[in-house]
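In: sequence-free structure coming up:
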């Protein structure tokens with residue numbers, strides 16, 4: 001690693017995070033708004049209960065393969081920066097910057113996405129209470145000052161928390177994750193014992209579509225959900241960003257990543273099954289219910305929240321509301337932390353201005369956090385359409401980070417004659433390339449997975465901006 005020789009560089013990030021703190025940071029990133037808001041709009045709509053079960057397990061399996069490469073590279077380079085450091089020191093500066101640029105996009109996009117999801121949650125739970133002071137309309141999306149204030153409050157509050165002692169951030173994240181998981185467990189048990197939830201409600205097991213071959217239909221539906229694995233599981237890879245602040249043996253890192261992936265997979269599947277297990281009286285099956293969601297408002301417009309309310313009453317509404325809120329808050333804090341550490345590492349390597357690497361009195365990257373906050377504050381004003389494009393782009397960033405880490409791991413494993421790690425690295429790289437291809441190139445047999453034209457344009461703009469910044473720093 002480079003050193004500027006300045007007094008600033010003599011100060012380092014503090015090693016104060018416990019294994020539970022680090023695991024909570026990663027898990028809080030994996031389980032964000034999507035686990036609570038998307039069972040009806042994405043998972044059931046694309047694949048149905050059984051299709052989601054298979055797809056998420058398949059996605060988790062691929063992530064476990066990729067995690068081998070992360071575990072190997074962290075032992076070689078146990079410093080902040082993660083994938084950026086792996087790519088730079090293995091393939092050179094240009095590749096390092098390319099990896100960091102798109103990975104940073106992935107992390108940073110998910111800060112305002114989770115913040116804005118809080119406003120969406122409030123709209124579902126409280127109706128139009130926060131739809132105060134209509135401002136303007138963007139592509140059919142009504143922008144209200146009240147809902148923007150909710151998102152901005154979360155963004156600013158957690159930016160402040162993230163510039164405090166890293167131990168404080170770690171403890172807050174851990175408490176929020178405990179509340180999140182407690183709520184999920186309560187919902188699972190309530191659904192299992194409730195007379196309102198029946199196994200028959202889960203039929204049909206796949207989303208019914210007209211096709212000439214049911215086997216092909218089911219396979220393509222599984223692919224349609226497993227293809228979003230880079231987005232669904234992005235977050236376990238934030239552990240390398242925190243390796244420089246971890247006060248425990250790095251031999252535990254692989255276990256932390258794997259349990260994070262497996263627990264995340266379980267939560268996605270469990271919440272999707274809960275959403276499908278309760279069937280409103282006006283519909284014959286969950287597929288009819290899901291198809292009619294665009295015409296439904298209030299609690300019923302979000303199947304998971306509506307199921308919790310019907311199963312447990314107002315208590316269920318409270319439990320699912322707190323759990324979902326904690327998921328969104330942990331996503332904000334976790335991705336703030338990961339993005340700021342990535343920017344700190346880029347600054348330390350002199351690939352972006354040294355201003356980003358300045359540490360405050362708590363040894364936290366103050367200016368990197370400030371930058372993340374300013375960018376995040378801007379996005380909610382552009383409406384939820386831009387946030388949807390941000391989610392699409394974050395999947396690309398995750399796939400690029402996975403690919404570079406897997407390939408770097410293979411390079412070092414071959415040098416050290418570690419055949420098993422080399423095989424995992426090769427497989428991880430191949431899977432990452434497949435993810436990227438599916439996301440970029442529209443495939444007729446798995447529609448709705450590739451980037452929208454708007455998201456693709458945003459990605460091109462981000463790419464050109466990165467090219468300009470890289471050339472100016474040379």
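Out: Looks like it arrived, so ask away. The model shown is predicted, which means the values in this text are computed figures rather than measured ones.
In: CA only for contacts and neighbour counts going forward, please
Out: Will do.
In: where does the stretch 301-450 of the chain dip in pLDDT?
Out: Applying pLDDT under 70 to the stretch 301-450 of the chain flags residues 385-388, 444-448.
In: can you give me the strands in it?
Out: Using DSSP state E, counting those that start in this stretch, no strands are assigned anywhere in the stretch 301-450 of the chain.
In: Next: the stretch 1-150 of the chain.
Out: Here the stretch 1-150 of the chain has its strands, by DSSP E, counting those that start in this stretch, at 134-138, 141-144.
In: tell me the most buried of those strands?
Out: Taking mean count of other C-alpha atoms under 10 Å as the contact definition, the stretch among those with the greatest mean neighbour count is strand 141-144, which reaches a mean of 16.
In: Show residues contacting it.
Out: Residues external to strand 141-144 that are found in contact with it (C-alpha atoms under 8 Å, 6 or more residues apart in numbering): 130, 131, 132, 133, 134, 135, 136, 137, 381, 383, 384, 385.
In: and what of stretch 358-369?
Out: Surrounding stretch 358-369, the residues in contact under the criterion C-alpha under 8 Å, 6+ apart are 8, 11-14, 159, 162-166, 336-337, 339-341, 343-344, 355-357.
In: Repeat that for stretch 463-472.
Out: In this structure, residues lying in contact with stretch 463-472 by C-alpha under 8 Å, 6+ apart are 97, 98, 101, 351.
In: Please render the strands of the stretch 1-150 of the chain as CSV that adds mean pLDDT and distance to residue 441 to the earlier fields.
Out: Formatted as CSV, the entries for those read as follows, by pLDDT from 0 to 100; distance: least, C-alpha to C-alpha, whole Å:
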stretch, mean pLDDT, distance to residue 441
strand 134-138, 85, 27
strand 141-144, 84, 27
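In: can you put these in TSV and add distance to residue 199?
Out: What follows is the strands of the stretch 1-150 of the chain, written out as TSV (distance: least, C-alpha to C-alpha, whole Å):
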stretch	distance to residue 199
strand 134-138	42
strand 141-144	37
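In: Out of the ones you listed, the one nearest residue 195 is which?
Out: Nearest to residue 195 among the strands of the stretch 1-150 of the chain is strand 141-144; the distance by C-alpha to C-alpha comes to 38.5 Å.
In: Note down every partner strand of the closest one and its orientation.
Out: When sheet partners are counted by DSSP bridges, strand 141-144 sits next to strand 134-138 (antiparallel).
In: distance between the strand it pairs with and the chain's centre?
Out: Its chain's average C-alpha position is 28 Å from that of strand 134-138, according to C-alpha atoms, centre = their mean, to the nearest Å.
In: Same check on stretch 342-357?
Out: The chain centre lies 23 Å from the centre of stretch 342-357; the measure is C-alpha atoms, centre = their mean.
In: One more: stretch 156-173?
Out: For stretch 156-173 - counting by C-alpha atoms, centre = their mean - the centre lies 19 Å from the chain centre.
In: One more: stretch 70-84?
Out: The chain centroid and the centroid of stretch 70-84 are separated by 20 Å under C-alpha atoms, centre = their mean.
In: Ok, stretch 395-407 next?
Out: On C-alpha atoms, centre = their mean, the centre of stretch 395-407 falls 14 Å from the chain's centre.
In: Identify the residues contacting that stretch?
Out: Residues outside stretch 395-407 that contact it (C-alpha under 8 Å, 6+ apart) are 66, 69-70, 73, 83, 86-87, 99-100, 102-106, 228-231, 234, 424-433, 435-436, 439.
In: From the residues you listed, which land in helices?
Out: Secondary structure defined by DSSP state H assigns 66, 69-70, 73, 83, 86-87, 99-100, 102-106, 229-231, 424-433, 435-436, 439 of the contacts of stretch 395-407 to helices.
In: Restricted to helices, list the contacts of stretch 358-369.
Out: 8, 159, 162, 166, 336, 337, 339, 340, 341, 343, 344.
In: Return the member of those nearest to residue 19.
Out: If you rank the ones in helices among the contacts of stretch 358-369 by distance to residue 19 using C-alpha to C-alpha, residue 166 comes first, at 13.4 Å.
In: got the contact list for the closest one?
Out: In this structure, residue 166 makes contact with 14, 16, 17, 362, 364, judged by C-alpha under 8 Å, 6+ apart.
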